[in-house]
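>>> structure for the following, please:
(one chain, ligands or ions: 3)
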Amino acid sequence: MALTTAGSKLASLNAWVESVAALTEPQQIHWCDGSDAEDQALKLLMVERGDLIPLNPDTHPNCYLHRSHPSDVARVEHLTFVCTSEREDAGSNNHWMAPADAHAKVDALFAGCMRGRTLYVVPYCMGPIDSPIARCGVEITDSPYVVANMRLMTRMGAAALARIEREGSFVRGLHSIGELDPDKRFIMHFPEELTIKSIGSGYGGNALLGKKCHALRIGSYQARREGWLAEHMLIVGIENPAGETHYIAAAFPSACGKTNLAMLIPPEGYREAGWKVWTVGDDICWMQQDDEGQLWAINPEAGYFGVAPGTGAKTNPNALAMLNRDAIFTNVGLTADLQPWWEGLDQGRPAKDSQGRDFDPANGPAAHPNARFTVSAKQCPSYSPVAESAQGVPLSAIVFGGRRESLVPLVFEARDWQHGVLIGAAMASETTAAATGAVGVVRRDSMAMKPFCGYNFGDYFAHWLTFGKDGAKLPKIFHVNWFRKGSDGKFLWPGFGDNLRVLEWVIARCEGKASGQATPIGFLPTPDDLNLAGLDLSDEARDVLFAMDPQGWYREFEAIKQYLHDFGSRCPQALIDEANLIESELHVLQPGPQASAA
Ligand code: GTP
Ligand code: SPV
Ligand code: MN
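Ligands and ions are numbered 1, 2, ... in the order given. Model (predicted):
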């Protein structure tokens, strides 16, 4: 490959690249143009180096497997920092380091780290290239794997560079694989400088800086300053048999079902009736409010970096259909004839595990639980025709949700915007393999942004409340839980395509066409309010999924109030008042002496 040292028309960009090169001492510099030829040359290089394994060309043309180091397979929240001048501005929801200390710490690791390597300059645009909501960045990296993934996940290359040169501003992201040493790994964010520095990891959200680092942590900080929202949400269009499409944005924590909901296939009866589902985005949503208060949403990404395990012909056929060409697989298993394999894929069988060893169940699953695929959004069969619209899509509903094996019903609706913001702030979910650390532990994860909000959650809740202007045409807010378990430890709700049954109720509520029961936590449907035709729900499921347990929720609200309290004076009083009100309503419903104490 001809490795050029081109440069740009923007002096500030050239100067930054030069200063990074002086620090990191690469052998050469390559400015990425995003072309096919460049992509093919990089892949060839990675195959030669053993960084990529070409998959079966008959079943998976132009698909590759990448195995990352076993110590580098997920986001690392304990090594991720938000470095604002004031500690309080980062909030207790973030790890904080003083900017000067953080720069010093990582610059020492960046010094000379690219010796013998190529420095790639990756200009990218988050959002449709002509969208006023889109924002640009430049990632400098020494990882060709990162370049290949950024090409799928963002609008990367010449067009982005042209927009950056026109606008004169961009988010600066510096990334190096470094020594891949977990003790020398840091993901640093400097929101006040619109700068990211990430070293020591080649994995997903740690290394593809356009995604969580820019589009969420830096993005949320910019959004607050500029009056918009950057959220960890899918965006999906639901078309009813009359041909009307409602757009819904949904925030679920990592590995809690966003990709699956974004591309669900309606149950048979719905398909026959003419329901269609359109995928706009599966992970990140940027929203702006118009003069009437309507929220418009774009997906800043151009591809999917999705969880492989659990993706099967029954659960997510749309995802399977887009994964048979031009995809990169990371840490999946491999069949004897070089096809990618993971748990939940209902065909084939693994010969090698995610680390390239002969598959042995004694070593655990063949695919790492956080194994991922990277693929262009355009390959999704349900890709929305308006997914690339410059102004975005108008939202009818916002849905929050988490993994809760107990307490939380299938769906409930907020009374109004302020109550909805409290529902989002109070969300909790069981941790997953998307981040290193214990799995299955319930923790608060406000708006599914615990690992991604680039500033103090108290200020973030207040920012959300500012959208609730009187008379604003706001989306209604809901909460869902697909993960409630029965006494046998199995999921009570079938999930996946059948989640459309819940979304139908959500939309009908937005249109004022469905009923719901008022409870202190919000409006709940009864089983009769949902279309459950063709579902074989157990009696336990019918009892539990649609019920509100006053005692359990009273205890939950005690914990929620404590959580809000911990943000101190930054937490808006309106949310605390709202929580107090709900708690007192729940208190009245307590059996026995407690109620008389009220
Ligand atoms: P990130 O990419 O990490 O942000 O995750 P995500 O929110 O997009 O989650 P994804 O859709 O990839 O789902 C994660 C895991 O949850 C997969 O193993 C899915 O099979 C499983 N899952 C998704 N939806 C459902 C559901 O409705 N019910 C059940 N039981 N499992 C689900
Ligand atoms: C998540 O963890 O929420 C992801 C994958 O979507 S990562 O890009 O690693 O953040
Ligand atoms: Mn995510």
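>>> switch to C-alpha atoms for all contacts and neighbour counts from now on
Will do.
>>> which of the three states applies to the closest residue to His463 other than its chain neighbours?
Distances taken as Cα to Cα, 6 or more residues apart in numbering place Arg224 nearest to His463, at 6.5 Å, with adjacent residues excluded. Assigned by DSSP: H, G, I helix; E, B strand; the rest coil, the conformation of Arg224 is helix.
>>> how deep is Arg224 tucked in, by neighbour count?
18 (other Cα atoms under 10 Å).
>>> what pLDDT does it get?
Reading off the confidence values, Arg224 has pLDDT 98.
>>> and it, how far is that from Arg217?
Distance, Arg224 to Arg217, using Cα to Cα, to the nearest Å: 11 Å.
>>> before we move on, what about Gly200?
Taken as Cα to Cα, the span from Gly200 to Arg217 is 19 Å.
>>> over to Gln339?
From Gln339 to Arg217 the distance is 36 Å (Cα to Cα).
>>> over to Pro494?
34 Å.
>>> who has more neighbours, these two?
Arg217 (26 against 14).
>>> contact partners for the more buried one?
Applying Cα atoms under 8 Å, 6 or more residues apart in numbering to Arg217 gives the contacts His189, Pro191, Phe452, Cys453, Gly454, Tyr455.
>>> check Asp346 too.
Neighbours of Asp346 in contact, by Cα under 8 Å, 6+ apart: Gly312, Ala313.
>>> next, it: phi, psi?
As for Asp346, its main-chain torsions (degrees, to the nearest 10) stand at phi -90, psi 30.
>>> assign the residue of the stretch 151-300 of the chain at minimum distance from ligand 2 to helix, strand or coil.
Across the stretch 151-300 of the chain, the shortest distance to ligand 2 (Cα to the nearest ligand atom) belongs to Gly205, at 3.4 Å. State at Gly205, reduced to three classes by three-state DSSP: helix.
>>> what count of nearby residues applies to it?
Using other Cα under 10 Å, the number of residues around Gly205 comes to 19.
>>> next one: Met427
23.
>>> distance-wise, check it relative to ligand 1.
In this view, Met427 and ligand 1 are 14 Å apart by Cα to the nearest ligand atom, to the nearest Å.
>>> cool, and Ala426?
The gap separating Ala426 from ligand 1 is 18 Å, by Cα to the nearest ligand atom.
>>> ok, now Asn481?
Taking Cα to the nearest ligand atom as the measure, Asn481 falls 8 Å from ligand 1.
>>> measure that residue to Phe412 for me?
For Asn481, the distance to Phe412 - Cα to Cα - is 9 Å.
>>> quick one, what contacts the most centrally placed residue in the chain?
For the chain, the residue nearest the mean C-alpha position is Asp283 (3.5 Å; Cα atoms, centre = their mean). Applying Cα under 8 Å, 6+ apart, one finds that Asp283 lies in contact with His232, Met233, Leu234, Lys258, Thr259, Tyr304.
>>> PyMOL command to pick out the buried ones of those?
The buried subset of the contacts of Asp283, as determined by 16 or more other Cα atoms under 10 Å, is captured in PyMOL by this line:
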select buried, resi 232+233+234+258+259+304
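>>> can you redo the contacts of Asp283 as JSON lines with distance to Thr335?
As requested, these are exported to JSON lines (distance: Cα to Cα, whole Å):
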{"residue": "His232", "distance to Thr335": "34"}
{"residue": "Met233", "distance to Thr335": "33"}
{"residue": "Leu234", "distance to Thr335": "31"}
{"residue": "Lys258", "distance to Thr335": "28"}
{"residue": "Thr259", "distance to Thr335": "25"}
{"residue": "Tyr304", "distance to Thr335": "23"}
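>>> can you list which of the contacts of Asp283 are found in helices?
Lys258, Thr259 (DSSP state H).
>>> thinking again about what came up before, which of Asn481 and Phe412 has more neighbours?
Per other Cα under 10 Å, whichever of Asn481 and Phe412 has more neighbours is Phe412, with 29 against 25.
>>> who's the more buried one bridged to?
His479 (DSSP bridges).
>>> can you name the residue of the stretch 401-550 of the chain nearest ligand 1?
Gly495 (3.3 Å).
>>> check the stretch 301-450 of the chain too.
Gly310 (3.6 Å).
>>> the spatially closest residue to that residue that is not a sequence neighbour: neighbour count?
With Cα to Cα, 6+ apart as the criterion, Gly310 has its nearest non-adjacent residue at 4.3 Å, and that residue is Gly344. Using other Cα under 10 Å, Gly344 has 14 neighbouring residues.
>>> quick one, what contacts Gly344?
Pro309, Gly310, Thr311, Gly312.
>>> with Leu500 instead?
Neighbours of Leu500 in contact, by Cα under 8 Å, 6+ apart: Leu264, Pro266, Pro267.
>>> check Ser85 too.
So Ser85 contacts Ala98, Pro99 (Cα under 8 Å, 6+ apart).
>>> for ligand 2, see how far away it is.
To ligand 2, Ser85 is 25 Å away according to Cα to the nearest ligand atom.
>>> look at that residue and give its secondary structure.
Under three-state DSSP, Ser85 comes out as coil.
>>> now the closest residue to ligand 2 within the stretch 51-200 of the chain, nearest residue through space, not along the chain?
Distances between the stretch 51-200 of the chain and ligand 2 by Cα to the nearest ligand atom are smallest at Arg75, namely 5.3 Å. Leaving aside its sequence neighbours, Arg75 sits nearest to Ala435 (Cα to Cα, 6+ apart; 4.5 Å).
>>> what of His95?
Phe81 (4.8 Å).
>>> that neighbour against Pro99, yeah?
No - contact criterion Cα atoms under 8 Å: Phe81 and Pro99 do not qualify, at 9.9 Å.
>>> show the backbone phi and psi for the residue lying closest to Pro99 once chain neighbours are set aside.
What sits nearest to Pro99 in space, not counting adjacent residues and going by Cα to Cα, 6+ apart, is Cys83, at 5.1 Å. Here is the backbone geometry of Cys83 (degrees, to the nearest 10): phi -110, psi 80.
>>> so who does Cys83 touch?
Cys83 touches Ala90, Trp96, Met97, Ala98, Pro99, Ala102, Met188, His189, Phe190, Pro191, counting by Cα under 8 Å, 6+ apart.
>>> what parts of the stretch 401-550 of the chain come near ligand 2?
Ala434 (Cα under 6 Å from any ligand atom).
>>> pick out the residue of the stretch 401-550 of the chain closest to ligand 2.
Ala434 (4.6 Å).
>>> from what I see, that residue and Asn370 are in contact.
Yes - Ala434 lies in contact with Asn370 (Cα under 8 Å); the separation is 5.5 Å.
>>> overlap in contacts, those two.
With Cα under 8 Å, 6+ apart, Ala434 and Asn370 have common neighbours Ala74.
>>> coming back round to it: gap between the residue nearest to Arg75 and Ser71?
12 Å.
>>> comparing the two, which residue is more hemmed in?
Taking other Cα under 10 Å, Ala435 and Ser71 do not tie; Ala435 has more neighbours (19 against 12).
>>> thinking again about what came up before, tell me who's in contact with the residue of the stretch 301-450 of the chain closest to ligand 1.
By Cα under 8 Å, 6+ apart, the contact list for Gly310 reads Trp342, Glu343, Gly344, Leu345.
>>> which of those lies closest to ligand 2?
Distance to ligand 2, by Cα to the nearest ligand atom, is smallest for Trp342 among the contacts of Gly310, at 17.0 Å.
>>> run through the residues that contact that closest one.
For Trp342, the contacting residues are Ala308, Pro309, Gly310, Val332, Gly333, Pro350, Ala366, Ala367, by Cα under 8 Å, 6+ apart.
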